[in-house]
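Q: Pasting the sequence and the predicted coordinates here, then a few questions.
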Amino acid sequence: MKFTYLGTAAAEGWPAVFCNCEHCLRAKKAGGRNLRTRSQALVNNDLLIDFPGDTFAHMLANGLDLSAVKYCFVTHSHSDHFIPVDVGYRGGCYAHEMTEPTLTFFGNEKVKNKFEYFGNAYPEDELIGYDFRVLEPFETVTAGDYRVTALPACHKPDEKAFVYIIQQGGKTIYYLHDTGMLPDETFEYLQKNPVRADFISFDCTYGGITGQTWGHLGLDTDVLLRERLSQLGIADVNTVCCVNHFSHNGGLIYDEMRPAAEKLGFLRFAPADGAKSASFCFTGQARGFAGREISCVIDIGTGTKIRE
């Protein structure tokens, strides 16, 4: 299983579009790893997590064939996670010789409503090759050879926001953002249904701000969540734990976040200078990744490094 961070910022991006705060100005000056698009991830080459407005930019920057994506799991309806303005351009006169005939979206009812709104923005153009599956909390679905479970997040009180467990080929990803400290009902589910994680992506929107548990987390509360998951047998010494979804409000640019996160036992991923995304595969040997900023792809089956 290959996992790629296509974007790693919170809603406003970093530097934020209209912001001249100290942290945005420092990011602009430093450039490279400090410049962040909105959060999105790609599993292998055929499963997307979220569909922000930066999806087009991610496609350009990484040379992706988005027509090869079969599934898109959306965490919630906030625009930095789901604004499918490009939905209407899949097929018809807009897209030829697509790799896959159908792209299936998964998400809650509000995500579906947003999907249909944008899909009907140009009524003269028929949506081609789309499907939508509404998910309910604690529901597990099969998508090809993936097994994906939607769990309640602590984030958006007026809708059923999700975090996801994604399983394939004996490997398991926990994608835990956007969320604050997981709700009691989610912990209860995990206690009854513990699945060991090979990789966990934690919400770190608050960065170095301490004591935040609602809506998002920071480094200190990520440690608390990791400890809870360890007590449940989900995280262990071989689980790769990474922080993601960064905001200028958290205050820590890359050069500051990296040592702070590594000191707490987290890997802090960002693209290598000149690269557009951070990619890696995991084999269960967490030490192979410790202390490194990775922009590489490794074949899980053989451990062979494909690109760095």
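A: Received, thanks.

Q: ends of stretch 200-219, how far apart?
A: Terminal residues of stretch 200-219 are spaced 14 Å apart (C-alpha to C-alpha, to the nearest Å).

Q: Make 41 the first number, not 1, from now on.
A: With 41 as the first residue, the last one maps to stretch 240-259.

Q: so how far is that stretch off the chain centroid?
A: In terms of C-alpha atoms, centre = their mean, to the nearest Å, the centre of stretch 240-259 is found 15 Å from the chain centre.

Q: quick one: contacts of it?
A: 50, 81, 194-195, 213-221, 260-262, 265-266, 269, 274-275, 279-287, 289-292, 296-297, 300-301, 304, 306 (C-beta atoms under 8 Å, 6 or more residues apart in numbering). For every residue, glycine as well, the C-beta is placed using N, CA and C.

Q: let's go with 7 Å and repeat that
A: With C-beta atoms under 7 Å, 6 or more residues apart in numbering as the test, stretch 240-259 has contacts from 50, 194-195, 214-221, 260-262, 265, 275, 279, 281-287, 290-292, 297, 300-301, 304.

Q: Tell me the buried residues in that stretch?
A: 240-247, 249, 252-253, 255-259 (16 or more other C-beta atoms under 10 Å).

Q: tell me which of those residues is nearest to residue 88?
A: Of all the buried residues of stretch 240-259, residue 88 sits closest to residue 241, with 14.2 Å by C-beta to C-beta.

Q: Just want to check the distance between the closest one and residue 274.
A: 13 Å (C-beta to C-beta, to the nearest Å).

Q: so where's the stretch 91-240 of the chain shaky on pLDDT?
A: By pLDDT under 70, the weakly predicted segments of the stretch 91-240 of the chain are 159-168.

Q: Would you state the helices of it in chain order?
A: According to DSSP state H, counting those that start in this stretch, the stretch 91-240 of the chain carries its helices in the segments 95-102, 149-159, 224-232.

Q: can you redo those as a markdown table with distance to residue 76?
A: Listed next are the helices of the stretch 91-240 of the chain as a markdown table, based on distance: least, C-beta to C-beta, whole Å:
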| stretch | distance to residue 76 |
| --- | --- |
| helix 95-102 | 12 |
| helix 149-159 | 23 |
| helix 224-232 | 27 |
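
Q: Let me see the contact set for residue 61.
A: With C-beta under 7 Å, 6+ apart, residue 61 has these contacts: residue 288.

Q: circling back to that earlier point, now, which of the contacts of stretch 240-259 lie within strands?
A: Under the assignment DSSP state E, the contacts of stretch 240-259 contribute 214-216, 281-284 to strands.

Q: quick one: terminal-to-terminal distance for stretch 69-81?
A: End-to-end for stretch 69-81, by C-alpha to C-alpha: 26 Å.

Q: Of the buried residues of stretch 240-259, which belong to helices?
A: Judged by DSSP state H, the subset of the buried residues of stretch 240-259 located in helices is residue 259.

Q: Among the buried residues of stretch 240-259, give me the pair with the biggest separation.
A: 240 and 249 (20.8 Å).

Q: Just the ones of the buried residues of stretch 240-259 in strands?
A: 240-243.

Q: Of these, which is the nearest to residue 201?
A: residue 243 (11.5 Å).

Q: So residue 46 is in contact with residue 100, correct?
A: No. Using C-beta atoms under 7 Å, residue 46 makes no contact with residue 100, being 11.1 Å away.

Q: Name the residue in those two with the higher neighbour count.
A: A direct count of neighbours by other C-beta atoms under 10 Å for residue 46 and residue 100 places residue 46 higher, at 27 against 10.
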